[in-house]
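J.: my questions are about this predicted structure, shown below with the sequence.
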Amino acid sequence: MSISEKMRLFAEKSSWIRKMFEEGARMKAEHGSENVFDFSLGNPDVPPPQRYNEVIREIVKDESSGIHSYMPNGGYPWVREAIAVRMSEEQEITVNQGDMLMTCGAAGGLNVVMKSLLDPGDEVILLAPYFVEYNFYVDNHGGVSRIVATDEQFNLDLEAIERVINEKTKAVIINSPNNPTGQIYSAESLQALGRLLTKAGSKHSSTIYMISDEPYRKIIFDDNSVPSIFSAYRNSIVVSSYSKDLSLPGERIGYLAVHPEIEDKANLVNALTLANRILGFVNAPALMQRVVAELQEVSVDNSIYAKRKELFCAILEEAGFTFTAPKGAFYIFPQTPIGDDVKFCAILQEEKILAVPGSGFGSPGHIRLAFCVPDDVISRSAPGFKKAMEVAQRH
């Protein structure tokens with residue numbers, strides 16, 4: 001066989017999101033795109049802010065010598081400084097450009113962090129339901145994932161986390177607002193997690209990192225807010241991107257920041273910078289670094305997602321689904337009326353509705369629905385959801 005056995009197995013278990021996206025392409029070709037209700041992929045459809053268009057047009061006019069040259073592997077210092085100013089306000093602590101690196105999206109940033117922290121066999125705690133690629137990112141760098149469920153409302157279960165921490169535990173990845181649930185972890189629960197990690201680190205004579213994946217930080221609803229991770233725990237790292245709040249997922253531009261008082265900071269930042277280079281990223285895209293530096297106080301029109309959230313929740317409630325309304329991001333994660341979430345997704349497909357099984361996020365018995373689609377797609381899906389529930393209840 002030409003490919004590695006590991007990659008063959010990974011391909012067989014590859015993301016349910018992509019499988020459903022590909023199934024959607026097939027169905028749209030067969031039935032017409034207007035007749036398929038595709039809620040499978042978190043691909044933001046709200047246009048970037050007008051200010052983005054103005055900035056990028058202006059920047060591409062720059063013909064200065066060396067404008068497309070290599071730069072420090074961590075990114076332009078002045079770009080990091082611009083982001084650090086905004087992060088200092090968010091995190092309620094002074095962040096400097098030396099605490100930051102520009103990355104190829106949050107995914108690139110997470111891989112840089114895993115490369116820098118993990119020795120073979122080190123364990124990383126993932127909180128289910130979790131973004132499907134986390135398992136792969138941990139494995140990429142020799143780590144082992146330990147899955148811990150959140151509670152019925154998708155909040156942190158500190159007792160469950162404490163039970164799995166051991167001498168091999170290196171990090172906990174949190175994602176808030178969460179993909180796929182839209183839950184936001186409270187400041188109190190994060191501070192309690194910080195105390196737990198401090199206590200466990202002391203017990204095992206180790207440093208356990210809290211890694212916060214925050215690409216949905218600015219997409220929040222109903223006067224909710226996203227607490228500061230740096231206020232909760234000293235040994236924390238924030239990873240984020242502009243894929244969602246500026247609707248630029250294809251541009252692969254993100255960043256990471258370490259707590260200004262994190263242990264052994266100089267060595268950690270050096271390791272992160274080296275990892276950014278030797279993983280093959282070298283540096284984040286130069287053009288997009290220059291663009292986002294000018295857009296720190298700008299984001300997409302959040303009211304569009306808020307309206308869709310209300311619309312979708314009303315449709316699902318009318319159809320009889322049980323769910324926790326999302327506080328942020330653009331997903332709903334309802335329970336399935338039958339235990340087999342994959343089978344229920346097949347029932348939905350009969351109504352030309354595409355959803356992602358919760359099994360792919362480590363939480364079977366649920367489905368993920370992405371509402372980054374036009375309003376009328378959500379509205380016209382209502383009869384199909386109601387019919388699917390009726391069919392499922394007869395099984």
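T.: Great, that's in hand. Since the model is a prediction, treat every value here as computed from it, not as a measurement.
J.: burial measure for residue 56, as a count.
T.: By other C-beta atoms under 10 Å, 19 other residues sit near residue 56. Every residue, glycine included, has its C-beta placed from N, CA and C.
J.: what's the answer for residue 88, then?
T.: There are 17 residues near residue 88, going by other C-beta under 10 Å.
J.: enumerate every residue touching it.
T.: Counting by C-beta atoms under 8 Å, 6 or more residues apart in numbering, residue 88 touches 94-95.
J.: and if you look at residue 45?
T.: 247, 372-374.
J.: filter these to the buried ones?
T.: Neighbour counting with 16 or more other C-beta atoms under 10 Å marks 247, 372-373 as buried within these.
J.: so who does residue 254 touch?
T.: 102-109, 215, 239-243, 284.
J.: so what's the residue count around the residue lying closest to it once chain neighbours are set aside?
T.: Distances taken as C-beta to C-beta, 6 or more residues apart in numbering put residue 241 closest to residue 254, at 3.2 Å, once the chain neighbours are dropped. As a burial measure, residue 241 scores 28 neighbours (other C-beta under 10 Å).
J.: my guess is residue 241 contacts residue 216. True?
T.: No - using C-beta atoms under 8 Å, residue 241 is not in contact with residue 216; the gap is 9.9 Å.
J.: quick one: low-confidence residue ranges for the chain.
T.: Judged by pLDDT under 70, the chain has its weakly predicted residues at 1, 12-16, 18, 395.
J.: tell me who's in contact with residue 355.
T.: Neighbours of residue 355 in contact, by C-beta under 8 Å, 6+ apart: 20, 39-40, 345, 348, 367-369.
J.: closest to residue 180 out of these?
T.: Using C-beta to C-beta, residue 368 is the member of the contacts of residue 355 that lies nearest residue 180, at 3.9 Å.
J.: wait, residue 273 touches residue 74, no?
T.: Yes - Residue 273 lies in contact with residue 74 (C-beta under 8 Å); the separation is 4.9 Å.
J.: now do the shared contacts for those two.
T.: Common neighbours of residue 273 and residue 74 (C-beta under 8 Å, 6+ apart) are residue 101.
J.: between those two, which has more neighbouring residues?
T.: Between residue 273 and residue 74, counting by other C-beta under 10 Å, residue 74 is the more crowded of the two (24 against 18).
J.: now that one: how far from residue 37?
T.: As judged by C-beta to C-beta, to the nearest Å, residue 74 and residue 37 stand 43 Å apart.
J.: then residue 281?
T.: Residue 281 sits 36 Å away from residue 37, going by C-beta to C-beta.
J.: contacting residues for residue 81?
T.: By C-beta under 8 Å, 6+ apart, the neighbours of residue 81 are 96-97.
J.: right, I mislabeled it, should have said residue 344
T.: By C-beta under 8 Å, 6+ apart, the neighbours of residue 344 are 336-338, 357, 367, 388, 392.
J.: over to residue 319?
T.: 382, 385-386, 388-389.
J.: in what helix or strand does residue 307 lie?
T.: Residue 307 is part of helix 302-319 when elements are defined by DSSP states H and E.
J.: report the buried residues of that helix.
T.: The neighbour-count check on helix 302-319 (16+ other C-beta under 10 Å) flags 302, 304-305, 308-309, 312-313, 315-316, 319 as buried.
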